[in-house]
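> turn this into a model:
(chains A and B)
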Amino acid sequence: MFDGKEWLCRLSAIDGTAGDEMRVAEAVIEAATPYVDETYVDSVGNAVLIRRGHSGGGPRVMLAAHMDEIGLLVREIDDAGFLRMAQAGGFDPRALLGQEVFVHGRERLLGIIGSKPPHLSTATERKKSVPLQDLFVDLGLPCADVHRLVQVGDRITVRKDVVPLLGERLAGKAMDDRASLVAMLVCLEELTHLRCSAEVMAVATVQEEIGCKGAEVAAYTLSPDLAIAIDVCHGETPGISDDRVQRLGEGPVVTFGPFIHPQLFTRLCDTAKRMRLPIQIEVAPGHTSTDADPIATVQAGVPTALVSIALRYMHTAVETLDYGDVVATGQLLAHCIAALEPAFVEGLTCY
Amino acid sequence: MMKELLEGLIAVSGGPGQEASIAAAIRAQVQTIADEVYTDVLGNLYAVLHASHDKESAAGEGDGKTVMLVAPMDEPALLVTDIGEKGFLRVEPLGQLEARALIGARVRVGRTGRLGVVGVSEKVKLDDVEFAHLFVDIGVGDADAAQQHVRVGDTATFAYHLEAQSEEVLIGHALSSRAPCAVLIRTLMQVQTRATVIAVFTAQSLVGSRGARVAAYRIAPDLAVAVNASPASDTPDALPGSLRLGGGVAIKALDGGMVVAPGLRDGLLASARAVEVTTQIEVSPRARSEAGAVFLTKTGVPTCGLAVPMRHAGTLSQMVDLRDLDGAIAVLTAYLRDL
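Model prediction:
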């Protein structure tokens, strides 16, 4: 029995910043193996999970969800052994203060992020949030040990296990985009119960947070007939107007905009209607900042759509979502893919 | 004739990602002249002239070559992101638009044709106006009524016509894309060449030359010529630039995404001289064309470009000179003939 929630908790806790996703890839392959025919890791580190259709000649569908999480790099080790940091994917420095982190040196070291205490800050400094350049990691080790175990360029990840909240809500790090990996796994599992002629190539992609790099390579190599990217979007949060966010627990978010293939978007909406599954619509003016962007323009173009899971506090260690949305996203994808008929897929190439 | 063609093209709405109507309008123009017309996954329109048009003449360099002509089809638009309780629409820009310049502008929802007016929150100072402060009023009382005419994800383009200021000078809101398209259409009508010519009217140019990129991949041409409209800097206090309205078609040396190889640029100049067309050289670091995206396709595509000088670029009253457009058609026709 596939326990998606359990897998989400496990995947969320794995350390895997852009360029260092191997541990996540291994776990994803382990989780997917019962539901797919073939798995492999490609030349850049993407984990590719292939589930063949009932009969040959069906459409070839690519799913993409990214494995990497936002992280930090060691920029400098100062004379006292404190580590200065550089961004590897867009952490909000305001959310870093006081966090426990792992520094991935010769061994994995636990550290904390510190800064100047308020008592010793000037009045002007207290009014501003502390910029990344003034934060540091304290490993609590003698200086000589720090230099022996850590070098500039080593990766830093936030340490956080998933916190179950009320109902189906979960909070943790790297929910962006491990939640989508689980949605992809739900989809693959659901497909074992459906008759599906399509070949599904589910790709756990690398390096999304630093420019959607893995997805571009995978799409070029696989050259699918159509693709659906899965990512997270902003959930409703106090202080943000309703038209810019989606609701937690109210279903998958289907994106529309110039980068999205209109017929594929409509097909996803129609599938949801047929399933009586509530969905939400999000509009992206121009780039979606997800794997969908590069996939759509590889080779002669790939009809591409985007389904997202609403999530609060993006790019912090307490990314919060509703697990029901994860399951519904996987189910929507499975039912949409299983119902793809060759004529529809053929029609996508004529606008 | 050029004026009528442009009138027809500018009357059709075509925001980025929603180019189906403008593609159909262009298809109607090229259907009878092209050997083949088709669209692709991203909504690009292709018109192909096979290399059989001039069998009589002696074999030349152009034999067996495929030349891609490329012009953008989409126009700046507002993307509807939300329909508020009272039926007012929230919008985000597609393409280079400045929020405060749009206050009071008339827009038309591409899909349904519903007219709207851009309004602004009166609590904000004019200098501080951003798109979050704008809304579109489509003249209904509540969200349910608004749903009849528009849905989230629709694009609204600007609802103006082509106006002739004189015999030569035209004003229109979407000339930045439709003038280059018209140049391609008219060239297809008259060109005689030994090369296979594929004219691509691209989708999604304003959101990052996405159409041009996949079209170039699909065609993998031996040579590409991009046509775009570039800002003229002959107005008071204009930012420095090389172009003058009515100064002739511009041969591209450089734009924001492309530097043209001198050899290719000289080829266009030689063709212009051969047909005695006045030209100027384009150096527009702030302008964009499809050339850059096409150039970087696969192992690289030799790419050059022509630009139509345009005043008031980025506003709803773009101005072009028909003599510059005619020059572009003449140079392009001669260049393809000389291949």
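
> residue closest to the middle of chain A?
residue A:177 (1.6 Å; Cα atoms, centre = their mean).

> pull the contacting residues for that one.
Residue A:177 makes contact with A:65-69, A:208, A:230-232, according to Cβ atoms under 8 Å, 6 or more residues apart in numbering or on different chains. Every C-beta, even on glycine, is put in place using the N, C-alpha and C of the backbone.

> and with 10 Å instead?
Residues in contact with residue A:177 (Cβ atoms under 10 Å, 6 or more residues apart in numbering or on different chains) are A:11, A:64-69, A:183-184, A:204-205, A:208-209, A:229-232, A:290-291, A:308-309, A:311, A:319.

> for it, give me the pLDDT.
According to the prediction, residue A:177 has pLDDT 96.

> do the same with the one 4 residues further on
Residue A:181 carries a pLDDT score of 98 in this model.

> related to what we said a few turns ago, look up how far residue B:268 lies from the closest residue in space to the residue nearest to the centre of chain A that isn't next to it in sequence.
Using Cβ to Cβ, 6 or more residues apart in numbering or on different chains and skipping the chain neighbours, the partner closest in space to residue A:177 is residue A:66 (4.6 Å). Counting by Cβ to Cβ, to the nearest Å, the gap from residue A:66 to residue B:268 is 44 Å.

> between those two, who's got more neighbours?
residue A:66 (31 against 23; other Cβ atoms under 10 Å in any protein chain shown).

> mind listing the residues bridging to that one?
residue A:205 (DSSP bridges).

> surely it and residue A:204 touch.
Yes. Residue A:66 lies in contact with residue A:204 (Cβ atoms under 10 Å); the separation is 7.3 Å.

> return every residue with contacts to both of the two.
Joint contacts of residue A:66 and residue A:204 (Cβ under 10 Å, 6+ apart) are A:21, A:24, A:46, A:177-178, A:180-181, A:214.

> got the contact list for the one residue in chain A that gets nearest to chain B?
Nearest residue of chain A to chain B: residue A:258, at 2.6 Å (Cβ to the nearest Cβ). The contact partners of residue A:258, by Cβ under 10 Å, 6+ apart, come to A:283-288, B:15-19, B:42-43, B:74, B:77, B:79, B:94-95, B:153, B:155, B:203-204, B:206-208, B:210.

> quick one, phi/psi of residue B:261?
Main-chain torsions, residue B:261, degrees, to the nearest 10: phi -60, psi 140.

> and it, what is it in contact with?
B:267, B:295, B:302-304.

> and those residues, which two are furthest apart?
Greatest spatial distance in the contacts of residue B:261: B:267 and B:295, 15.5 Å, computed using Cβ to Cβ.

> and the two? which has more neighbours close in?
A count of neighbours by other Cβ under 10 Å puts residue B:295 above the other of residue B:267 and residue B:295, at 22 against 19.

> which non-adjacent residue is nearest that one?
residue B:303 (4.2 Å).

> where's residue A:230, which helix or strand?
strand A:226-234 (DSSP states H and E).

> equivalent analysis for residue A:216, please.
For residue A:216, the host element (DSSP H and E) is helix A:213-222.

> now do the contacts for the closest residue to chain A within chain B.
Closest residue of chain B to chain A, Cβ to the nearest Cβ: residue B:17 (2.6 Å). Residue B:17 is in contact with A:256-262, A:284-286, B:42-43, B:74, B:77, B:79, B:94, B:153, B:155, B:203-204, B:206-207, B:210-211, counting by Cβ under 10 Å, 6+ apart.

> follow-up on the earlier one: pLDDT and secondary structure for the contacts of residue B:261 - can I get that in JSON lines?
Shown next, in JSON lines, are the contacts of residue B:261 (pLDDT from 0 to 100; DSSP: H, G, I helix; E, B strand; the rest coil):
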{"residue": "B:267", "pLDDT": "96", "secondary structure": "helix"}
{"residue": "B:295", "pLDDT": "95", "secondary structure": "helix"}
{"residue": "B:302", "pLDDT": "96", "secondary structure": "coil"}
{"residue": "B:303", "pLDDT": "97", "secondary structure": "strand"}
{"residue": "B:304", "pLDDT": "97", "secondary structure": "strand"}
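
> now those residues in CSV, with distance to residue A:169?
Shown next, in CSV, are these (distance: Cβ to Cβ, whole Å):
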residue, distance to residue A:169
B:267, 64
B:295, 49
B:302, 57
B:303, 53
B:304, 57
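
> from those residues, pick the one nearest residue A:118.
The closest of those, once distances to residue A:118 are taken by Cβ to Cβ, is residue B:295, at 54.3 Å.

> which positions in the stretch 201-350 of chain A make contact with chain B?
Residues of the stretch 201-350 of chain A found near chain B (Cβ under 10 Å from any Cβ of the partner chain) are A:225-226, A:241-244, A:254-262, A:265, A:281-287, A:293, A:296-304, A:348-350.

> recalculate using a threshold of 6 Å.
Counting by Cβ under 6 Å from any Cβ of the partner chain, the stretch 201-350 of chain A comes close to chain B at A:243, A:256, A:258, A:281, A:283, A:285-286, A:297, A:299-301, A:303, A:349-350.

> filter the contacts of residue A:177 down to the buried ones.
A:11, A:64-69, A:183-184, A:204-205, A:208-209, A:229-232, A:290-291, A:308-309, A:311, A:319 (16 or more other Cβ atoms under 10 Å in any protein chain shown).

> helices along the stretch 1-150 of chain B, start to end?
B:2-10, B:20-30, B:143-147 (DSSP state H, counting those that start in this stretch).

> how does chain B divide into domains?
B:2-75+B:173-338, B:77-158 (automatic domain parsing).

> right, so those: which one is the most enclosed?
Stretch with highest mean neighbour count among those: domain B:2-75+B:173-338 (a mean of 21; mean count of other Cβ atoms under 10 Å in any protein chain shown).

> kindly report the residues of the stretch 51-200 of chain B close to chain A.
Checking the stretch 51-200 of chain B against chain A by Cβ under 6 Å from any Cβ, the hits are B:79, B:81-82, B:90, B:92, B:94, B:152-153.

> could you redo the last one with a cut-off of 7 Å?
B:79-82, B:90, B:92-94, B:152-153 (Cβ under 7 Å from any Cβ of the partner chain).

> show me what contacts residue A:135?
In this structure, residue A:135 makes contact with A:85, A:93, A:96-97, A:113, A:115, judged by Cβ atoms under 7 Å, 6 or more residues apart in numbering or on different chains.

> filter these down to the buried ones and express that as a PyMOL selection.
Buried members of those, defined by 16+ other Cβ under 10 Å, are picked up in PyMOL with:
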select buried, chain A and resi 85+93+96+113+115
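
> quick one: which of the contacts of residue A:135 is nearest to residue B:289?
residue A:93 (38.6 Å).

> so who does the closest one touch?
Residue A:93 neighbours (Cβ under 7 Å, 6+ apart): A:129-132, A:135.

> kindly report the same for residue B:74.
B:14-16, B:19, B:177, B:203-206.

> from residue A:284, how far off is the residue nearest to it when sequence neighbours are not counted?
Spatial nearest neighbour of residue B:74, excluding adjacent residues (Cβ to Cβ, 6+ apart): residue B:16 at 4.5 Å. Distance of residue B:16 to residue A:284, computed by Cβ to Cβ: 12 Å.

> identify all contacting residues around stretch B:25-45.
Contact with stretch B:25-45 is made by A:300-303, A:348-351, B:8-9, B:12, B:19-20, B:23, B:46-50, B:73, B:181, B:185, B:188-189, B:200-204, B:210-211, B:214-215, B:218, as judged by Cβ under 7 Å, 6+ apart.

> can you get me the start-to-end distance on that stretch?
One end of stretch B:25-45 to the other measures 11 Å (Cα to Cα, to the nearest Å).

> average pLDDT for that stretch?
Stretch B:25-45 comes out at a mean pLDDT of 96.

> equivalent analysis for stretch B:243-253, please.
Mean predicted lDDT for stretch B:243-253 stands at 97.

> how long is that stretch end to end?
12 Å.

> likewise for stretch A:334-350?
Stretch A:334-350 end-to-end distance (Cα to Cα) = 24 Å.

> so where's chain A uncertain?
A:351 (pLDDT under 70).
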